[in-house]
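Student: prediction below, plus the sequence it came from.
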Amino acid sequence: MTMKKFVILAVSALLSMMLVSCTDSPGKVAKKFSQAVATGQVEEAKKYCTESTAKMLDMSAALGGMKENPNYKMNILRDSIVDNLAYDFYTENDSDREQVMKLNKVDGEWKVSMSGKK
């Protein structure tokens, strides 16, 4: 292998790793989504969820069902990822009650899915 081919291969590998690492983890997406919902930023929240979940957010906002909580805190405990499906286990605020948020990988990005389908 010539030095030129080695350098091209090394740079390609490095760029590939950088692109993969740019994708937010399911936990980061869940936190961004939850924080946006908690602060009433529906359009921001829609960046982090599936289309069907975005429609539910719009409906809830239109009906006045979204209560804001500017002091909202989400603590990700762990996540479980299998292929294009992730479950984030978390607690909210000062509660010890463990909850679960489902995320699907859509076009290479994790999206919160509040649909009833598994």
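Tutor: That came through fine.

Student: the helices in this structure, which residues?
Tutor: Remark: helices assigned in the chain by DSSP state H are 3-22, 26-38, 42-45, 51-62.

Student: avg pLDDT for the last one?
Tutor: Read it as helix 51-62. Averaging pLDDT along helix 51-62 yields 93.

Student: buried set for that helix?
Tutor: Going by neighbour count (16 or more other C-beta atoms under 10 Å), the buried part of helix 51-62 is 53-54, 57. The way it works is simple: take the backbone N, C-alpha and C, and place the C-beta from them, glycine included.

Student: residue closest to the middle of the protein?
Tutor: In the chain, the centroid-proximal residue (C-alpha atoms, centre = their mean) is Val29; its distance is 2.2 Å.

Student: circling back: can I get the buried residues of helix 51-62 in a markdown table with distance to Glu109?
Tutor: A markdown table is the format used below for the buried residues of helix 51-62 (distance: C-beta to C-beta, whole Å):
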| residue | distance to Glu109 |
| --- | --- |
| Thr53 | 14 |
| Ala54 | 14 |
| Leu57 | 17 |
